[in-house]
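> Quick one, structure for this:
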Amino acid sequence: MKKSILLVAAAIGMLAASCNKDLENLTQTPITISATYDAGGEKVAYTEDGANITATWEADDELIVCWNNHKNTLTLSSGAGTSSATFTGAITGTPSANSTLVCFVKDSKNPGAVTISDNGDYLYTSDAFLTQDGSMDSAASRNLYYGTCFYGDGTNISCTFSVNTSMMKFLVYAPEGISEGTTGATLTYKSGSTELAKATFTVGTDGINTIYLTIPAGHYTGEQTLVYHSGDITETETLSSTQANFIAGQTYSRNAYFNNPIAEPLTFEAITAGTQISFSLMTGLSGEVQYNKYDGNGWQNYTSNTNITLTNVGDRVSFRGDNTIYGNADYTGSRFTSTKDCFFYGNVMSLINPTNYVTLTSVTNYAFLGLFNNGNHFKNHPSKDILLPATTLGEHCYESMFKGTGITRSPILPATSLQSDCYYNMFYGCTALTTAPALPATSLKNNCYKRMFLGCIALITAPALPATTLADYCYYEMFYGCTNLSTAPILPATTMANYCYPGMFYGCSSLTTPPPVLLATTLTPSCYERMFYGCSSLTTAPELPATTLADGCYQYMFQNCTSLTSAPDLPARTLTSGCYYLMFDGCTNLNHVKCLATTNISTVNTQYWLQNVSPTGTFIKASSANWGRGVDGIPLGWTVQNQ
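Okay, here's the model as predicted:
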């Protein structure tokens with residue numbers, strides 16, 4: 001980022017003597033200006049990464065030399081890329097020997113930034129932060145750089161400039177409503193109503209930018225603000241309510257969030273007066289935990305199990321900490337509780353790092369296991385969400401985190417690569433949850449989604465599950481007991497794992513739309529066990545194209561699906577131990593089965609598979625197959641057809 005730099009003579013006190021309108025001999029005189037910088041001086045703004053830049057002039061830079069009410073523009077003729085350059089051109093008048101002149105830089109990066117105007121009596125600049133009183137007495141102390149220029153031998157002007165600025169580095173988060181890639185956004189630093197610096201930029205990835213502003217050195221009193229503007233959205237963040245002091249040559253860093261939700265720490269807000277929030281901290285935490293009630297006392301150290309009383313409706317308390325892990329394997333980890341209903345929202349990463357939590361994107365094993373477990377008083381805020389921004393997860397990191405809470409919508413879960421047990425039991429028993437998060441992960445691990453939504457009886461639609469390669473127990477009982485779930489996601493997996501789908505939709509009594517097909521052709525032990533057990537509204541089953549079975553692969557799969565009338569075709573020729581055990585038991589309306597097995601047809605593999613089905617129906621079999629009659633084979637009363 002470049003910002004135009006204005007240089008002005010430091011020895012302004014001598015200006016009055018040289019600004020005499022009665023000077024004679026005003027002629028067009030060729031003249032050379034030699035300008036250099038001190039070792040610590042810099043001419044242009046810092047580079048994009050905020051590092052020091054080379055103190056060099058640039059091609060096409062110009063110097064504007066002023067005295068009386070005349071201004072003269074001289075162009076860089078040599079020395080580009082160095083700290084010493086020569087400017088040549090014609091000037092009006094011949095200053096007295098050894099006199100001090102006013103000299104401005106017109107930066108080639110932003111040539112219109114400096115304007116010298118003549119009102120007939122005085123010269124002045126257009127910059128808002130300068131006094132336009134003609135004498136420019138405050139210019140040297142308030143401009144970005146200052147310099148002293150002496151006219152010596154009648155042919156040369158020698159100027160030396162030094163730094164008179166500081167740098168502010170801002171990590172900026174766009175306000176809500178401003179999209180990544182938006183052009184023409186501006187960031188402005190203001191002291192009171194005075195604009196000190198401004199940058200124009202394109203909104204970065206995820207609305208985040210690093211912006212550098214060059215601030216004139218000095219002490220500023222009054223409210224210091226930063227203004228983010230894009231289109232019809234303007235947000236202001238107060239940096240200091242009283243004052244700011246900028247030392248020349250120094251760089252300062254600050255994050256600016258403009259009410260971006262990621263910046264709000266984990267917060268609880270009273271719905272009912274007199275709500276008490278407490279945090280039971282597990283033993284062994286190495287870092288502090290702090291709270292802030294926004295009552296003027298700021299952040300205070302927190303003692304485990306201390307009740308924080310929110311006296312009035314709308315009172316809130318935020319928490320932050322310096323610990324990477326709040327849970328443990330024996331479920332004796334840290335846990336929040338509330339005595340009455342309250343909203344909870346904000347970035348949970350504030351518990352991991354108290355100051356830089358907005359930049360965190362990873363969590364460790366057991367990080368937040370059981371953090372809000374059984375917190376039935378915790379409710380979603382109407383417009384603010386709990387934020388879980390981590391894209392790199394740890395094992396058990398969110399296990400049972402929201403189990404039994406009163407949430408109606410879940411936080412966004414952006415991770416695409418999972419870890420073992422990371423979402424295990426995460427929303428177990430959230431009976432008011434109506435909206436599930438998108439689950440974009442394509443790389444799964446053992447138990448990753450196990451019982452994630454078990455008992456979420458208000459959930460209507462399941463999220464897409466794009467993974468094509470599964471892991472052991474990955475979807476085990478994922479939607480168990482979701483009695484209002486009507487539509488299942490498409491399941492594109494072709495590479496199975498042990499126990500990958502058991503009980504996935506167990507007891508989903510409203511399920512009417514299953515996945516159209518379960519694509520795997522080679523199965524694993526118990527992979528589909530109890531998958532649709534008790535789905536009493538299911539009238540159509542997914543296709544089952546598998547030709548290579550595994551022990552227990554389909555056992556109990558459609559047990560008690562009382563609305564199912566036709567079984568999916570079963571093309572596998574060779575059966576395995578328990579593969580069809582109780583597969584259609586209790587499907588009281590089932591009246592059509594096509595099974596082409598020819599090998600290992602035995603009671604141990606098909607025991608009770610057609611028990612309690614329709615008393616009449618059609619059974620299509622391979623012509624060479626030998627089936628017995630009864631609940632372990634072809635039901636009595638059914639018609640047999642060969643194929």
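> Which helix or strand lies directly C-terminal to the helix or strand Val593 falls within?
Element membership for Val593 (DSSP states H and E) is strand 592-595. Downstream of strand 592-595, the first helix or strand assigned by DSSP H and E is helix 603-606.
> That following helix: which residues count as buried?
605-606 (16 or more other C-beta atoms under 10 Å). Where C-beta positions appear, they are placed from N, C-alpha and C, glycine not excepted.
> Could you do stretch 230-240 as well?
230, 235, 237, 239.
> What mean pLDDT does that stretch get?
Averaged over stretch 230-240, pLDDT sits at 90.
> Figure out how far that stretch is from the centre of its chain.
Relative to its parent chain, stretch 230-240 has a centroid offset of 20 Å by C-alpha atoms, centre = their mean, to the nearest Å.
> Same check on stretch 230-248?
That offset, for stretch 230-248, works out to 23 Å (C-alpha atoms, centre = their mean).
> Now do that stretch: everything it contacts.
Residues outside stretch 230-248 that contact it (C-beta atoms under 8 Å, 6 or more residues apart in numbering): 162-166, 174-175, 177-178, 182, 184-186, 191, 203, 215-228, 252, 254, 256-259.
> So this structure: which segments form each domain?
Listed domain ranges for the chain are 7-163, 165-256, 270-438, 511-643 (source: automatic domain parsing).
> By mean pLDDT, show me the worst of the ones you listed.
Between the domains of the chain, the one with the least mean pLDDT is domain 7-163; it has a mean of 49.
> so can I have a markdown table of the domains of the chain showing distance to Cys448?
Formatted as a markdown table, the domains of the chain follow (distance: least, C-beta to C-beta, whole Å):
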| stretch | distance to Cys448 |
| --- | --- |
| domain 7-163 | 38 |
| domain 165-256 | 25 |
| domain 270-438 | 4 |
| domain 511-643 | 16 |
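> can you tell which of those domains is closest to Leu491?
domain 511-643 (4.6 Å; C-beta to C-beta).
> Run the chain-centre distance for that closest one.
That offset, for domain 511-643, works out to 47 Å (C-alpha atoms, centre = their mean).
> Over to stretch 502-513?
Per C-alpha atoms, centre = their mean, the centroid offset for stretch 502-513 relative to its chain is 33 Å.
> First-to-last residue distance for it?
18 Å (C-alpha to C-alpha, to the nearest Å).
> repeat for stretch 199-208
First-to-last distance for stretch 199-208 - C-alpha to C-alpha - comes to 15 Å.
> Give me the contacts around that stretch.
Counting by C-beta under 8 Å, 6+ apart, 1, 3, 171-174, 178-187, 209, 211-213, 230, 260 sit against stretch 199-208.
> which residues does Gln643 contact?
Going by C-beta under 8 Å, 6+ apart, the list of residues near Gln643 reads 594, 596, 620-623.
> can you rerun that using 6 Å?
Ile620 (C-beta atoms under 6 Å, 6 or more residues apart in numbering).
> what about it, distance to Gly637?
Using C-beta to C-beta, to the nearest Å, one gets 20 Å for the distance from Gln643 to Gly637.
> Pro502 too?
32 Å.
> Ok, Glu176 next?
65 Å.
> quick one, phi/psi of the residue nearest in space to the middle of the chain?
For the chain, the residue sitting closest to the mean C-alpha position, by C-alpha atoms, centre = their mean, is Pro389 at 5.3 Å. Backbone torsions for Pro389, taken as degrees, to the nearest 10, come to phi -80, psi 0.
> Please tell me how far Cys595 sits from Ala270.
For Cys595 relative to Ala270 (C-beta to C-beta), the value is 61 Å.
> likewise Arg530?
Taking C-beta to C-beta, one finds Arg530 at 43 Å from Ala270.
> quick one: the strands in the stretch 501-643 of the chain?
592-595, 617-621, 638-642 (DSSP state E, counting those that start in this stretch).
> Of these, which is nearest Ala497?
Of all the strands of the stretch 501-643 of the chain, the one in closest proximity to Ala497, counting by C-beta to C-beta, is strand 592-595 (25.5 Å).
> Buried residues, the closest one. List them.
Of the residues in strand 592-595, those buried (16+ other C-beta under 10 Å) are 593-595.
> ok, now stretch 210-223?
Buried-residue list, stretch 210-223, by 16+ other C-beta under 10 Å: 211-218, 220, 223.
> right, and out of these, which lies closest to Cys482?
Using C-beta to C-beta, Ile211 comes nearest to Cys482 of these, at 46.3 Å.
> hang on, that closest one is in a strand, isn't it?
Yes. The assignment for Ile211 by DSSP: H, G, I helix; E, B strand; the rest coil puts it in a strand.
> quick revisit: ok, Pro502 and Gly637, which is more surrounded?
Legend: neighbour count by other C-beta atoms under 10 Å for Pro502 and Gly637, higher for Pro502 (25 against 11).
> Now for that one: which residues touch it?
Applying C-beta under 6 Å, 6+ apart, the residues contacting Pro502 are 476, 526, 529-530.
> Dihedrals phi and psi, it?
Main-chain torsions, Pro502, degrees, to the nearest 10: phi -50, psi 130.
> Apart from its neighbours in sequence, what residue is nearest it?
Closest residue to Pro502 apart from its sequence neighbours, by C-beta to C-beta, 6 or more residues apart in numbering: Glu529 at 4.1 Å.
> residues near the one you found, how many?
Glu529, neighbours per other C-beta under 10 Å, totals 25.
> Can you tell me how far it is from Pro545?
18 Å.
> Kindly report the same for Pro440.
26 Å.
> thought Ser509 was touching Thr483?
Yes. Ser509 lies in contact with Thr483 (C-beta atoms under 6 Å); the separation is 5.0 Å.
> Let me see the contact set for Ala263.
257, 358.
> For it, give me phi and psi.
phi -90, psi -10.
> same thing with the one 4 residues further on?
Geometry field for Thr267 lists phi and psi as phi -140, psi 140, criterion degrees, to the nearest 10.
> Met349 now?
phi -60, psi -10.
> Pull the residues that contact stretch 342-359.
Stretch 342-359 is touched from outside by 262-271, 275, 320-322, 324, 360, 378-379, 381, 384-387, with contacts defined as C-beta under 6 Å, 6+ apart.
> ugh, wrong one, stretch 511-529
485-488, 490-491, 494, 496-502, 505, 535, 537-538, 542-557.
> hmm, which of these are the buried ones?
Here, 16+ other C-beta under 10 Å leaves 485, 488, 491, 496-502, 505, 535, 538, 542, 544, 546, 549-557 buried among the contacts of stretch 511-529.
> So which of these belong to helices?
Nothing among these maps onto helices, per DSSP state H.
> now the helices for the chain?
Using DSSP H, the helices of the chain run over 15-18, 139-142, 603-606.
> Contact partners for Thr468?
492-494.
> if we go to 8 Å?
Thr468 sits in contact with 442, 492-495, where contact means C-beta under 8 Å, 6+ apart.
> Pull out the buried members of those.
Buried among the contacts of Thr468 (16+ other C-beta under 10 Å): 492-493.
> Can you name the two of the contacts of Thr468 that sit furthest apart?
Taking C-beta to C-beta, no two of these sit farther apart than Thr442 and Thr494, at 12.9 Å.
> Can you give me the buried ones in stretch 318-329?
Result for stretch 318-329 [16+ other C-beta under 10 Å]: buried residues 318-321, 323-328.
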